[in-house]
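Enquirer: my questions are about this predicted structure, shown below with the sequence.
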Amino acid sequence: MIKRFVIAAVIVGLFLGGVGYFNLVFKPKMIGEFMAKMVPPPATVTAEPAKTASWIDRVRAIGTLVAIEGVDVAPQVGGLVTAYFFDSGADVEKGAKLVALDTSVEEADLADRKAVLHQADIDFGRQSRLVKQADVSQATLDQTIAKRDSAAAAVQRTEAIIAQKTITAPFAGRLGLRHMEKGQYVSAGQAMVWLQALDPIWVDFPVPEGTVAKFAIGAPIELAADAYPGQVFKGEVEAFDARLSQDTRTLMVRGKLPNPDRKLLPGMFANVAVLAGSAKELVTVPRTAVTYGLYGDSVWVVKEGAPEPPASPAPTAAAEPVASAAAAEPGTVGAIPAEPKLTVERRFVRVGPTEGDRVAILEGVKAGEQVVTSGQLKLQPGATIKVDNSGALKAPAELPKQ
């Protein structure tokens, strides 16, 4: 009985030991070996070599176009509009007659005051002769002179009012839309039409405090307007404001541009770039190659390793010549060269200025090194990749505003 019990215990112990060995040793080892043999396929990405380009540092800003001379044409005195001599949107010269107001009352006053002046001149002549004959006193003559001068001043005042009722262009420029009609009464200071001098034209734009010292008066500027895509207007910096804004810590800068075609209009939005300094040689990559992060910007650099020899069957007598030829040229299988193994390395970089769809890399990448331009989310350091540029991203026709 005891012998049977011992035999049964040994059998149960062997069974349990076998089950434990299978679950704790053999099974994990097989799973580990299986997982080790499961190599993930290489991630497909697009890549492009870093290039060297000659760039001029640009200080970019958003500005507004401003007319060098621009006014609301308005009368100095009120009156009834009797005629206007322009069309909306017309170009006029300095001194061109624009609007005439009714002057009938002033002309009647002028005739009356001229008559008073004429009588004052006659009295002055008469009193002058009498003074010479000692028939009247000098005081009487002085009173006559004062009346004559007062009458002359009244005539000049009336003539000035009549002249003010003929409104002329104070400078050459382009008129806007007309805001009055014949027979309408306009009061003093009421705007009747815009007048803007368009050639040349100003552009006002703010620049950060840290970039103020990068350029000086006379520095060239380039301007792009939404109304004329692809066209660049050139000018130069004319003046700096006297102080910085306390709210934004920016300095307002004024540029001046020739505008012979009158394409640029006051109030237009403009992208401005001030060319600061001379051209510099910089390493550039596509914008899509840079991954911007909270702790630093980075790029994925493609690293080329030795090709992996593919597994091949045991050589036979017929395959010996082929094997010897392959041995003569390392990295080849038969007559087909083996592709090198490509991996990626993540590098933190210092980003510089941008130009179009490319960005300058000041530190971290050398010219000629390949950088990944799309597919970065699939990567991790040391991952195997496959470069396929057939589906590479294309730059849009127009880049978004800076």
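Expert: Perfect, I can see it now. Not measured: the values here are computed from a predicted model.

Enquirer: show me where the stretch 201-350 of the chain has strands.
Expert: Remark: strands assigned in the stretch 201-350 of the chain by DSSP state E, counting those that start in this stretch are 220-225, 233-240, 250-257, 269-286, 297-305, 332-333, 336-337, 341-355.

Enquirer: and the stretch 51-200 of the chain, by the same measure?
Expert: Listed in chain order, the strands of the stretch 51-200 of the chain (DSSP E, counting those that start in this stretch) span 51-73, 79-84, 91-92, 97-101, 166-168, 173-175, 185-186, 193-208.

Enquirer: one step back: wait, which of the strands of the stretch 201-350 of the chain is closest to residue 143?
Expert: strand 233-240 (57.2 Å; CB to CB). Just so you know, the C-beta spots here come from the backbone N, C-alpha and C atoms, and that holds for glycine as well.

Enquirer: direction included, what does that closest one pair against?
Expert: The sheet places strand 233-240 alongside strand 220-225 (antiparallel), strand 250-257 (antiparallel), with pairing taken from DSSP bridges.

Enquirer: mean neighbour count and distance to residue 173 for those strands - can I get that in TSV?
Expert: Shown next, in TSV, are those (neighbours: other CB atoms under 10 Å; distance: least, CB to CB, whole Å):
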stretch	mean neighbour count	distance to residue 173
strand 220-225	20	19
strand 250-257	20	16
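
Enquirer: can you add mean pLDDT and distance to residue 191 and give the ones you listed back as JSON lines?
Expert: Formatted as JSON lines, the strands paired with strand 233-240 follow (pLDDT from 0 to 100; distance: least, CB to CB, whole Å):
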{"stretch": "strand 220-225", "mean pLDDT": "91", "distance to residue 191": "26"}
{"stretch": "strand 250-257", "mean pLDDT": "92", "distance to residue 191": "25"}
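
Enquirer: closest one to residue 142 among the ones you listed?
Expert: strand 250-257 (57.3 Å).

Enquirer: how about residues contacting the closest one?
Expert: 61, 63, 66, 68, 200-209, 212, 221, 223, 233-241, 243-245, 264, 272, 274 (CB atoms under 8 Å, 6 or more residues apart in numbering).

Enquirer: just the buried ones from those?
Expert: The neighbour count (16 or more other CB atoms under 10 Å) marks 61, 63, 68, 200-207, 221, 223, 233, 235, 237-238, 240, 244, 264, 272, 274 as buried among the contacts of strand 250-257.

Enquirer: quick check, residue 300 in contact with residue 342.
Expert: No: counting by CB atoms under 8 Å, residue 300 stays clear of residue 342, with 11.2 Å between them.

Enquirer: the more surrounded of these two?
Expert: It is residue 300, of residue 300 and residue 342, that has more neighbours when counted by other CB atoms under 10 Å, with 25 against 19.

Enquirer: which residues does that one bridge with?
Expert: Beta bridges link residue 300 to residue 346, judged by DSSP bridges.

Enquirer: please renumber the chain so that the first residue is 35 from this point on.
Expert: Understood, numbering begins at 35; the last thing we discussed is residue 334.

Enquirer: report the residue ranges of every domain in the protein.
Expert: The chain breaks down into these structural domains: 77-89+315-425, 137-198 (assignment by automatic domain parsing).
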